[in-house]
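# Provide a 3D model corresponding to the input given below.
(chains A and B)
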Amino acid sequence: MTITLHVNGVAKKLNLAPWTTLLDALRIHIGLTGTKLGCDHGQCGACTVLVDGRRINSCLTLAVMKDGAQITTIEGLAKDGVLHSVQQAFIDHDAFQCGYCTPGQICSAVGLIGEARAHSAEEIRELMSGNICRCGAYPNIVAAIEQAMSRKPASRPKAEHE
Amino acid sequence: MNNFEFTRATDVADAVRQIAADPGATFVAGGTNLIDLIKEGVTKPSRLIDITRLQLNRVEETSDGGLRIGALVPNSDLAYHPQIDKRYPLLASAILAGASPQLRNMATTGGNLLQRTRCFYFYDTTTPCNKREPGSGCSAIDGLNRMHAILGASEHCIATHPSDMCVALAALEAHVLAAGHNGERSIAFADFHRLPGDTPHIDTNLNKDEIITAVELPPNGFAKNYSYLKIRDRLSYAFALVSVAAALEIENGVIRQARLALGGVAHKPWRDRRAEAQLSGAPATRESFMGAAQTLLSDARGFGHNDFKIELARRAIVRALSQAASATPQSQIDKRVR
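Here you go, the predicted structure:
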């Protein structure tokens, strides 16, 4: 089937088998490998992207069902060489270790901020529960999102041994 | 995934026509469960009919003062809809207790009703499962059955229905609207899902060539005294071991009307009218709640690993009814159970 995906503002015409997931379309057919394949079953959130501004699991989405949609991936967040405030906050707060879940975490956090349902650390934790971090960087992820939400200047949390 | 045809339905009549024309076809909307089942080889459709372009995504008032929820309204939109939040907070709470924000953004109202069990053996195509392959046997009865049913199970299947949303819809006495060749019909929520009996491969009473068009809520949303309490292995993003939807109408300390439905305990959202009748007219006290729990669980049976669920359900029922009575519903953010 021939479809068009608008990925990070660029129209991409693709000829895909109907059983191609949006994740595979992005990574294999378009070559944007920032979006990660984790569990491939909607349980880990590593594949999170924004479709028409809403965060979804791209591994459980058929690409042909998103014909004409606006897709934003981790590669599309920085503008004119300036990192998105959530990307910058993840760096400021050291909100990752191995980094594999990070693109999904960041896209999910951008979606979360757009939804405007989280107003406390507790609510951030609950509404980020679709993104698993095997390294356990959760406290710093929450701190990074708090910073991006409030756009307050970075204050790096002190580790216990510091 | 297996190879399949992919077509789009243009309207409800077209969807019904297409599904009737291909016995191996299935509808796809959110796809959160279906795509997973196809990946696992549990479901092998010959054709997916994309219904996401149908105009079934509105929430509207009904003539009797209730609400009609289009089958394609996403779970997240429904949970945060101002009318649901204000008039049916039990439903909003149950939806927010389930899945993750990403999945709730994708999953639809109709699809939530049609999701399949998460029984490990149903997903593991190397093991016998009467639901997946009728007549092959049930691996869970003598296997790992910690997540499995304690009520309404049969010798053929002890799987549970995984939905949170449906537990609230059962308690609220919703109706499911389905369209087929002979027009639209309304199915009472209690009659929508089935017990396993000797046909565990059939989850619902929806006909193969019917499509869910909407879910209707009656006017009474029990917005004052309600609670949805979900007990699970992690605080978020896990299926229920036991969940309880409790809704009460109380006048001067006496229960006028009670609704009580459980999730994670049976092949369908479990509602017990005997327990509800027992609460009606009784004082809103812990003793009444314990009596109702006793009645509801009188036929409960464990299969070994899940024996603990009977006592867990008893306590969860009493707690949820207490939360409802005191108008302090369980928070889906702060998971401490008070």
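# check A:Pro157 and give its pLDDT.
Looking at A:Pro157, its pLDDT is 47.
# cool, A:His161 as well?
Listed pLDDT for A:His161 reads 48.
# next, the contact list for residue 64, please.
Defaulting to chain A. A:1, A:3, A:16, A:18, A:20, B:6, B:50 (Cβ atoms under 8 Å, 6 or more residues apart in numbering or on different chains). For every residue, glycine as well, the C-beta is placed using N, CA and C.
# please refer instead to chain B.
Shown in contact with B:Asp64 (Cβ under 8 Å, 6+ apart): B:218-219.
# how far away is it from B:Gln83?
According to Cβ to Cβ, to the nearest Å, B:Asp64 and B:Gln83 sit 15 Å apart.
# for the contacts of A:Val64, which one is nearest A:Arg151?
If you rank the contacts of A:Val64 by distance to A:Arg151 using Cβ to Cβ, A:Ile3 comes first, at 36.9 Å.
# isn't the closest one up against A:Ala17?
No. Taking contacts as Cβ atoms under 8 Å, A:Ile3 lies outside contact range of A:Ala17: 11.2 Å.
# okay, these two: which has more neighbours?
Set A:Ile3 next to A:Ala17 and count neighbours by other Cβ atoms under 10 Å in any protein chain shown: A:Ile3 wins out with 19 against 14.
# re the thing from before, from the contacts of A:Val64, which land in strands?
Using DSSP state E, the subset of those located in strands is A:3, B:6, B:50.
# just so I have it, where are all the helices in chain A?
Per DSSP state H, chain A carries helices over the ranges A:22-24, A:85-92, A:102-115, A:121-127, A:138-150.
# how about the residue in chain A positioned nearest to chain B: what's its closest non-neighbour residue?
Residue of chain A nearest chain B, by Cβ to the nearest Cβ: A:Gly130 (2.6 Å). Computed as Cβ to Cβ, 6 or more residues apart in numbering or on different chains, the closest residue to A:Gly130 that is not its neighbour in sequence is B:Ser100, at 2.6 Å.
# find the nearest non-adjacent residue to A:Ile71, please.
That would be A:Val7: by Cβ to Cβ, 6+ apart, it lies 4.7 Å from A:Ile71.
# re the thing from before, and of the ones in strands among the contacts of A:Val64, the nearest to B:Val12?
B:Asp50 (13.6 Å).
# quick one: pLDDT of the closest one?
pLDDT recorded at B:Asp50 is 98.
# residue contacts, the residue nearest to it when sequence neighbours are not counted?
Setting aside the residues directly before and after it, B:Asp50 is nearest to B:Arg8 in space (Cβ to Cβ, 6+ apart), at 4.6 Å. By Cβ under 8 Å, 6+ apart, the contact set of B:Arg8 is B:49-50, B:53.
# number of nearby residues for the residue of chain A closest to chain B?
Neighbours of A:Gly130 (other Cβ under 10 Å): 26.
# please apply the same query to the one 5 residues further on.
As a burial measure, A:Cys135 scores 12 neighbours (other Cβ under 10 Å).
# repeat for B:Pro82
By other Cβ under 10 Å, 8 other residues sit near B:Pro82.
# so B:Glu210 is in contact with B:Val176, correct?
No. Assessed by Cβ under 8 Å, B:Glu210 is found out of contact with B:Val176, at 9.9 Å.
# look at these two and report which has more neighbours.
Comparing B:Glu210 with B:Val176 by other Cβ under 10 Å, the one with more neighbours is B:Val176, at 26 against 22.
# which ones are touching the most centrally placed residue in chain A?
With distances taken as Cα atoms, centre = their mean, A:Cys107 lies nearest the centre of chain A, 2.0 Å away. Applying Cβ under 8 Å, 6+ apart, we find A:Cys107 in contact with A:35, A:48-50, A:55, A:72-74, A:77.
# kindly recompute the last result at 6 Å.
Residues near A:Cys107 by Cβ atoms under 6 Å, 6 or more residues apart in numbering or on different chains: A:48-50, A:74.
# just these: which are in strands?
A:48-50.
# isn't the residue nearest to A:Gly130 right next to B:Arg234, touching?
No. Between B:Ser100 and B:Arg234 there is no contact under Cβ atoms under 6 Å: 11.8 Å.
# can you read off the pLDDT for A:Arg151?
At A:Arg151, the pLDDT value in this model is 73.
# should've said B:Asn2
pLDDT, B:Asn2: 89.
# now it, what are its backbone angles?
phi -70, psi 160 (degrees, to the nearest 10).
# sorry, back to before: the helices of chain A: which one's closest to B:Asp124?
helix A:22-24 (23.6 Å).
# how is the chain carved up into domains?
Since you didn't name a chain, this refers to chain A. A:2-74, A:85-150 (automatic domain parsing).
# hm, I was asking about chain B
In terms of domains, chain B is parsed into B:5-52, B:225-325 (source: automatic domain parsing).
# so of the ones you listed, which one's packed in deepest?
Ranked by mean neighbour count under mean count of other Cβ atoms under 10 Å in any protein chain shown, those are led by domain B:225-325, which reaches a mean of 20.
# hmm, that domain in reach of chain A?
Yes. If you take Cβ under 6 Å from any Cβ of the partner chain as the test, domain B:225-325 does meet chain A, through B:236-237.
# now do that domain: distance from first to last residue.
Using Cα to Cα, to the nearest Å, one end of domain B:225-325 lies 6 Å from the other.
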